[in-house]
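**Q** Prediction below, plus the sequence it came from.
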Amino acid sequence: MITLTERQSLILKAIVRDYTEGGNPVGSKSLVQELPMKVSSATIRNEMAHLEEIGLIVKTHLSSGRIPSIKGYRYYVDHILKPEKVDSQDLKVIQHSLGGEFHKIDEIVAQSADILSQLTSYTTFTLRPEVKNSRLSGFRLVPLGNHQVMAILVTNNGDVENQTFTIPNDLTGDELEPVVRFIDDQLIGLPLQDVLAKLQSEIPLKLSQYLQHPNGFLDIFGRVLSKAAAERFYVGGKLNLFDYTTKQDPQEMRSLYSLLDQTDHIADVIGPPGQQIQVRIGNEITNDLLKDYSLITATYDVDQHGQGMIALLGPTAMPYSRMIGLMGVFQQELARKLLEYYRYFDE
């Protein structure tokens, strides 16, 4: 367990701040002017030598100043950092951007990823609140002509999913009517996960009473239901990730970009909702492609409607104090907006 003196903590804090703001190694002479106590350049050099010896800072060249190590960033985040108060302009941007009229939860969550990306210049992720408690509240099939049908599914949270399908030539609208009635009678009000489970067991057998070949309908219903029940991540500022990469290999860069398009991989990287705000640095992130980055995640809570997450991915040399302060305010404003939306459907 590393324990620093107050002076050593102040020196490490100043090195982290100066390097994340300016990008240049920090020398003892500049620190003389910055520290709140009067101390000589020689004393600072001795303290920096100690910080280097225990692995919190590193020298990039023989004659250079020092920069924080991954271990140094970890110590700073865990023991020194205090979240920076969000300035009024950033708060106005968040509140104004979330103050519009939205028709779906996903619109709010997707917009949030874009807002956070614009405020930070990093790549951001937002995960909508858990859907495990969402219930089926409506299902309709709307004929569009030419054997096209639109399947519309509604949940108790007000989410609406729709997909257009081509139905087999031997399947008519009249034949589908009793099937929709069956869903209304037997499945409305059930959690989506329960309906998905029934789709793999008893529903096919029951539908065979109405349809000679139920597989076509089961495919339609299953696909729109799976879409409604799936976890959904939204990505903002995807290209921002390349502003901080040191990777030169085109294949690695393609893999990095591809990672952002794959929900399963993003879910593995970010993990489930947990601590209110969590910082993972370098190799603490589970994916090797991201070992040169830092990931900050924050869980937001919308009461009985579950929890969601926001996350930002940026360089290890990020201004953690400002980012964590911003994430704290953003999670509060997003939760407030979603509660406002849900309240409309709860009434």
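**A** Structure's in. What do you need? Everything numeric here is computed off the predicted structure, so don't read it as measured data. Residues are numbered from 1 along each chain as shown.

**Q** what number of residues lie near residue 194?
**A** By the measure other CB atoms under 10 Å, the count of residues near residue 194 is 13. (Each C-beta comes from the backbone N, C-alpha and C, glycine too.)

**Q** how much space between it and residue 314?
**A** 40 Å (CB to CB, to the nearest Å).

**Q** Next: residue 267.
**A** 19 Å.

**Q** Comparing those two, which residue is more hemmed in?
**A** residue 314 (23 against 15).

**Q** how close does the more buried one get to residue 22?
**A** Residue 314 is 16 Å from residue 22, by CB to CB.

**Q** Can you pull out the residues in contact with stretch 242-257?
**A** By CB atoms under 8 Å, 6 or more residues apart in numbering, the surrounding residues in contact with stretch 242-257 are 121, 238, 241, 289, 290, 292, 293, 314, 315.

**Q** what's the distance between the nearest residue to the third one once chain neighbours are set aside and residue 238?
**A** Using CB to CB, 6 or more residues apart in numbering and skipping residues adjacent in sequence, the residue nearest residue 241 is residue 123, 4.5 Å away. Relative to residue 238, residue 123 is positioned 6 Å away (criterion: CB to CB).

**Q** for residue 26, same thing?
**A** Residue 26 is 32 Å from residue 238, by CB to CB.

**Q** between the two, which one's more packed in?
**A** Shown here are residue 26 and residue 238; by other CB under 10 Å, residue 26 has more neighbours (23 against 14).

**Q** and the more buried one, backbone torsions?
**A** phi -110, psi 130 (degrees, to the nearest 10).

**Q** That one and residue 15 touch, don't they?
**A** Yes. The criterion here is CB atoms under 8 Å, and residue 26 meets it with residue 15 at 4.7 Å.

**Q** Which residues are in contact with each of those two?
**A** 66, 67.

**Q** Could you list which residues are in contact with the nearest residue to residue 85 once chain neighbours are set aside?
**A** Leaving out its chain neighbours, the residue that sits closest to residue 85 by CB to CB, 6+ apart is residue 325, at 6.1 Å. By CB under 8 Å, 6+ apart, the residues touching residue 325 are 83, 84, 85, 86.

**Q** Go again with 10 Å.
**A** 81, 82, 83, 84, 85, 86, 87, 90, 277, 319 (CB atoms under 10 Å, 6 or more residues apart in numbering).

**Q** The third one against residue 327, yeah?
**A** Yes. Shown here, residue 83 and residue 327 form a contact pair, counting by CB atoms under 10 Å, at 8.5 Å.

**Q** in the lengthiest helix in the chain, what's buried?
**A** Taking DSSP state H as the criterion, the chain has its longest helix at helix 320-346. For helix 320-346, burial by neighbour count (16 or more other CB atoms under 10 Å) applies to 320-331, 333-335, 337-338, 341-342.

**Q** name the element residue 273 belongs to?
**A** Using DSSP states H and E, residue 273 sits in no helix or strand.

**Q** Any idea how many residues pack against it?
**A** When neighbours are defined as other CB under 10 Å, residue 273 has 18 of them.

**Q** What's the separation between it and residue 286?
**A** In terms of CB to CB, residue 273 sits 16 Å off from residue 286.

**Q** ok, residues contacting the helix or strand of the chain with the lowest mean pLDDT?
**A** Ranking every helix and strand in the chain by mean pLDDT, DSSP states H and E puts helix 263-270 at the bottom, with a mean of 79. If you take CB under 10 Å, 6+ apart as the criterion, helix 263-270 is touched by 125, 127, 230-235, 258-260, 262, 278, 280, 285-287, 289-290, 295, 297, 309-311, 313.

**Q** Which ones among these map onto helices?
**A** 258, 259.

**Q** Now list the buried members of the contacts of helix 263-270.
**A** Looks like those have 125, 127, 232-235, 259-260, 278, 280, 285, 289-290, 295, 297, 309-311, 313 buried, using 16+ other CB under 10 Å.

**Q** Fine by me, thanks again.
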